[in-house]
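Model the structure of this input:
(2 chains)
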Amino acid sequence: ETGVTQSPTHLIKTRGQQVTLRCSSQSGHNTVSWYQQALGQGPQFIFQYYREEENGRGNFPPRFSGLQFPNYSSELNVNALELDDSALYLCASSLPPKGSGYTFGSGTRLTVV
Amino acid sequence: DQQVKQNSPSLSVQEGRISILNCDYTNSMFDYFLWYKKYPAEGPTFLISISSIKDKNEDGRFTVFLNKSAKHLSLHIVPSQPGDSAVYFCAASALRNNNDMRFGAGTRLTVKP
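The predicted structure is shown next:
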């Protein structure tokens, strides 16, 4: 049983650019949640996808968007990158969408310069 | 808005002694609480949870206590082991809307041999 894998592990982008982060959910999990963890803070909920539909969203602007594919993998897209978007982006999968069943990936470290 | 607070950024204890990590929350709608452990370069891993109908949940060396009137929970690790050294995150959600799990900022536990 494979866990959650995220790619890339590290990324450097320039302010104003767009970025796509990818997440492969754990086998059998149909729910993917994305979190942003800024330095020294806890993870903050961005949004969740359940069976390819958005199933809740945190306090993030529309330039943060996502997709979930039929195989339950997911993408997080961020447009018009800002310096404050620099953070660790965590993906978590679960079945069904319950907190105790979350399996987190190791994250993608995004640096915006 | 910081609905889940971990006021101690770090804690150091001696091997074999008890570690007590604390967490406070402000949202009375939260009814499900979790602790996650995070090692460097890894995603958070689920440790233990408790629902609001209980005031204690135990799993081996780990016990979580919930005081609903004080909106406070704590994680006790007895006995502490050097391998327990990690960042511990407290998280909370409302089961009615459990796709939005709120995390505290974390407490870094160091267990000294």
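
CA atoms for contacts and neighbours, from now on please.
Will do.

nearest residue to B:Met29 other than its sequence neighbours?
B:Ala94 (5.8 Å; CA to CA, 6 or more residues apart in numbering or on different chains).

so how far does stretch B:27-43 reach from one end to the other?
26 Å (CA to CA, to the nearest Å).

Can you report how many residues lie near the residue nearest to B:Met29?
Neighbours of B:Ala94 under the rule other CA atoms under 10 Å in any protein chain shown: 20.

tell me the pLDDT at it?
B:Ala94 carries a pLDDT value of 83.

Correct me if wrong: A:Val113 contacts A:Asp85.
No: checked against CA atoms under 8 Å, the pair A:Val113 and A:Asp85 is beyond contact range at 9.9 Å.

Looking at those two, which one has more neighbours?
Counted by other CA under 10 Å, A:Val113 and A:Asp85 do not tie: A:Asp85 has more neighbours, with 18 against 14.

can you pull up the bridge partners for the spatially closest residue to the more buried one that is not a sequence neighbour?
The spatially closest residue to A:Asp85, leaving aside those adjacent along the chain, is A:Val112, at 6.7 Å (CA to CA, 6+ apart). Under DSSP bridges, the beta-bridge partners of A:Val112 are A:Lys13.

If I follow the layout properly, A:Val112 ends up in contact with A:Gly16?
No: using CA under 8 Å as the test, A:Val112 is too far from A:Gly16 to be in contact (9.0 Å).

shared neighbours of those two, anything?
Taking CA atoms under 8 Å, 6 or more residues apart in numbering or on different chains as the contact rule, A:Val112 and A:Gly16 both touch A:81-82.

The two: who's more crowded?
Under the criterion of other CA under 10 Å, the comparison of A:Val112 against A:Gly16 puts A:Val112 first, with 17 against 14.

Pull out the buried residues from stretch B:19-28.
Residues B:19-25 are the ones in stretch B:19-28 that count as buried (16 or more other CA atoms under 10 Å in any protein chain shown).

okay, those in CSV with secondary structure and pLDDT next?
Below are these laid out as CSV (DSSP: H, G, I helix; E, B strand; the rest coil; pLDDT from 0 to 100):
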residue, secondary structure, pLDDT
B:Ser19, strand, 98
B:Ile20, strand, 98
B:Leu21, strand, 98
B:Asn22, strand, 98
B:Cys23, strand, 98
B:Asp24, strand, 97
B:Tyr25, strand, 97
